[in-house]
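K.L.:
pasted the sequence and its predicted model underneath.
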Amino acid sequence: MADDPDALARWRAWLNPEPDRVYGSVLPLSNNAEGTDLRVDLPTSVRETGQGIIDLLRGPSTGTVTPEGSMALLSMVAPNAARRPDPSELGVFIGTGSPKFDGKRAAEMFRDSSIPKEEVFRETGVFKSPDGWYRQEVPDTTSRINDVPWQESKFVGDEAAAAGQPHPGRLSTLSEVLAHPELYDAYRGLSDLPVGLYAGLDGPLPILSGARAAYYPPRAVQWGDRNGAIALAASTPEEARSSLLHEIQHLIQRREGFVQGSSPFDAGTIKRGEQLNQERIDALRGGIARWEAAGKKELAESLRQRLARAESPEGLQEAIKNAYLAAGGEAEARAVQTRANLDPTILRNTFPRDSYDLEGSAPSLWDPKTGRSLPGW
């Protein structure tokens, strides 16, 4: 068939959508404009991918590669990039599930291995994270906290707190609290996300295990919706904005399949911290033995003091905290906060890796789901 341009052209024409019908992005359904003729049909994602593959096959004879062909190519080098959206998905570092994810130019650039990934990002905003998933940045610089009637935190009895059900001081929706048109345009459905707002409150929320904000997956709290919910304590609008962007990124991670965040109290994080601390203890013991053998008693004593710290309960807690901070989703969410106030021009010239706050002797990024370290950038 590839040697028969006319046959390829006929197949491509067959995949063209009918102009008077509305097709599902993923669901195999279509309907007429009046909504009275629902039928099983090829979804838009299948049609466009099929046309793209045909265009790639026709490229040698036509001398061109269409945008659909570019997306088909991107789906080969990055399978996630061809996945079409669920309209309820959300984003700040958006994924390929967003209808606003535009990977066409990036696909062309990825074909040329001589183009640095930083240049691809500068031109397209697309980059590949250490978890292997492609992302595109939605600038947060225009986002702001709305003027809402904040009130002090209040709870309904100890029973609600004991059940881990934070009772919102004021139950709002995300769009009532946060103005962010680019974000809501990227993911329809985000604006209605329930937000339990404890405005004007200083100090941690006991029912959030000492945290100031938390994202709850669907069905984790009774007042959430199909996307979950966010509980937020903030004493200033800027704190509220920064914390919301962090928690929204956790929601994206869950919906897109990105590497996720964790908690200092999660069993996987504790295990990771214990492993890191034991590695540190073993390294210190080895160093002490080497310095003693070399007659360097002062250096050996210095390592003994560090060893005593590592073997103490405080040292273990420090290692667990470092493991939590190095969880891939947590580091990414903090990078979102770091980039929130950058001018769009500066954003495009600052590769996302450079906004991660793990440096020097900090543990490597890891995946809380698998417990394994992530590869580098």
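P.N.:
The structure has been received and is ready for your questions. Residues are numbered from 1 along each chain as shown.

K.L.:
give me the element Thr142 is part of.
P.N.:
Counting by DSSP states H and E, no helix or strand carries Thr142.

K.L.:
nearest residue to Trp366 other than its sequence neighbours?
P.N.:
Once flanking residues are discounted, Trp366 sits nearest to Ser373: 5.0 Å by C-beta to C-beta, 6 or more residues apart in numbering. From N, CA and C alone the C-beta is placed, and that goes for glycine too.

K.L.:
burial count for that neighbour?
P.N.:
15 (other C-beta atoms under 10 Å).

K.L.:
state the distance from it to Ala186.
P.N.:
Counting by C-beta to C-beta, to the nearest Å, the gap from Ser373 to Ala186 is 30 Å.

K.L.:
repeat that for Pro218.
P.N.:
Taken as C-beta to C-beta, the span from Pro218 to Ala186 is 20 Å.

K.L.:
which of those two has more neighbours?
P.N.:
Ala186 (24 against 13).

K.L.:
isn't the more buried one up against Phe93?
P.N.:
No. Counting by C-beta atoms under 8 Å, Ala186 stays clear of Phe93, with 10.4 Å between them.

K.L.:
re earlier: contacting residues around the residue nearest to Trp366?
P.N.:
Contacts for Ser373 were tallied using C-beta atoms under 8 Å, 6 or more residues apart in numbering; they are 364-367.

K.L.:
go again with 10 Å.
P.N.:
130, 272, 326, 328, 363-367 (C-beta atoms under 10 Å, 6 or more residues apart in numbering).

K.L.:
equivalent analysis for Arg135, please.
P.N.:
Arg135 makes contacts with 80, 91-96, 98, 101, 121, 125-129, 252, 256, 258, 332, 352, as judged by C-beta under 10 Å, 6+ apart.

K.L.:
if we use 8 Å, what do you get?
P.N.:
93-95, 126-129, 258, 352.

K.L.:
among these, which one sits closest to Leu244?
P.N.:
Phe93 (14.6 Å; C-beta to C-beta).

K.L.:
which residue, other than its chain neighbours, is closest to the closest one?
P.N.:
Per C-beta to C-beta, 6+ apart, closest to Phe93 is Arg135, 4.5 Å.

K.L.:
next one: phi and psi at the one you found?
P.N.:
phi -130, psi 160 (degrees, to the nearest 10).

K.L.:
and the residue most central in space within the chain, helix, strand or coil?
P.N.:
For the chain, the residue nearest the mean C-alpha position is Gln253 (3.8 Å; C-alpha atoms, centre = their mean). For Gln253, the assignment made with DSSP: H, G, I helix; E, B strand; the rest coil gives helix.

K.L.:
tell me where the stretch 1-150 of the chain is predicted with low confidence.
P.N.:
1-10, 12, 19-29, 32-36, 38, 44-45, 48, 51-52, 54-91, 148-150 (pLDDT under 70).

K.L.:
let's go with 90 and repeat that
P.N.:
Across the stretch 1-150 of the chain, the ranges flagged by pLDDT under 90 are 1-92, 95-105, 107-108, 110-111, 113, 138-150.

K.L.:
how about the helices in it?
P.N.:
5-15, 44-62, 67-77, 104-110, 117-124 (DSSP state H, counting those that start in this stretch).

K.L.:
are any of the contacts of Arg135 buried, and which?
P.N.:
Listed as buried from the contacts of Arg135 are 93-95, 126-129, 258, 352; burial here means 16 or more other C-beta atoms under 10 Å.

K.L.:
format these as CSV; extra columns: distance to Asp343.
P.N.:
Compiled in CSV, those are given as follows (distance: C-beta to C-beta, whole Å):
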residue, distance to Asp343
Phe93, 18
Ile94, 19
Gly95, 24
Val126, 19
Phe127, 18
Lys128, 24
Ser129, 23
Phe258, 26
Pro352, 16
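
K.L.:
and of those residues, the nearest to Leu284?
P.N.:
Ser129 (32.8 Å).

K.L.:
does the closest one really touch Gln253, like I thought?
P.N.:
No. Ser129 lies out of contact with Gln253 (C-beta under 8 Å); the separation is 10.1 Å.

K.L.:
which residues are common contacts for these two?
P.N.:
Counting by C-beta under 8 Å, 6+ apart, the residues touching both Ser129 and Gln253 are 259, 332.
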